[in-house]
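Student: next comes the sequence, and after it the predicted model I'd like to discuss.
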Amino acid sequence: MRIQEIMSTNVKLATPDQKLREAARLMSECDIGAIPVGQGDRLVGMITDRDITIRGVAEGRGPDATVGEVMTPQVCYCYEDEDVEQVCHNMVNVQMRRLPVLNREKRLVGIVALGDLAVRASATAGRALSGISQRD
């Protein structure tokens, strides 16, 4: 099974100059904890609720700080044509619960999360969750 068969394609996107307030509101409205950050047609980062809390609020940044100030610029991702088992293995190795999905031209086409795996590939998701949740 390929990632494109199970990924979510309705992906919300933030921009580096967007205010944290706007990103947090989008997360709340969509009941999500992470948003890919794009500039032009390129993926430049990810912002999570944890980024807002730890790199934003805990460091004294307010709601008018920008996404670019607190986002994670190193983005782990997968390709839409990759095998689900391989992507799960990679998610375990990098301890990630969700990955942006790119096409081979490196354009964002979706996002895959443990929830997507649980719905469509439950045995694979169980192994991934177990591996991701283990403490070092």
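Tutor: Ah, there it is.

Student: helices of the protein, start to end?
Tutor: Assigned by DSSP state H, the helices in the chain fall at 20-30, 49-51, 67-70, 84-94, 114-120, 122-133.

Student: how close does the most far-flung residue of the chain relative to its centre get to Val70?
Tutor: Distance from the C-alpha centroid of the chain peaks at Gly60, with 24.4 Å (Cα atoms, centre = their mean). According to Cβ to Cβ, to the nearest Å, Gly60 and Val70 sit 12 Å apart. (Glycine included, C-beta is placed from N, CA and C.)

Student: and for Asp83?
Tutor: According to Cβ to Cβ, Asp83 and Val70 sit 33 Å apart.

Student: of those two, which one has the most company?
Tutor: Val70 (22 against 12; other Cβ atoms under 10 Å).

Student: out of the helices of the chain, which comes closest to Gln4?
Tutor: Comparing the helices of the chain by their distance to Gln4 (Cβ to Cβ), the top pick is helix 84-94, with 9.9 Å.

Student: just the CA trace of the closest one, in PDB.
Tutor: This file holds the C-alpha atoms of helix 84-94, laid out as PDB (Å, rounded to 0.1, in the frame of the first residue of the first chain):
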ATOM      1  CA  VAL A  84       3.300   2.600   4.000                       C
ATOM      2  CA  GLU A  85       5.500   0.000   5.900                       C
ATOM      3  CA  GLN A  86       8.700   2.000   5.000                       C
ATOM      4  CA  VAL A  87       7.200   5.300   6.000                       C
ATOM      5  CA  CYS A  88       6.100   3.800   9.400                       C
ATOM      6  CA  HIS A  89       9.600   2.500   9.900                       C
ATOM      7  CA  ASN A  90      11.000   5.900   9.200                       C
ATOM      8  CA  MET A  91       8.400   7.600  11.500                       C
ATOM      9  CA  VAL A  92       9.700   5.300  14.300                       C
ATOM     10  CA  ASN A  93      13.300   6.100  13.600                       C
ATOM     11  CA  VAL A  94      12.700   9.900  13.700                       C
END
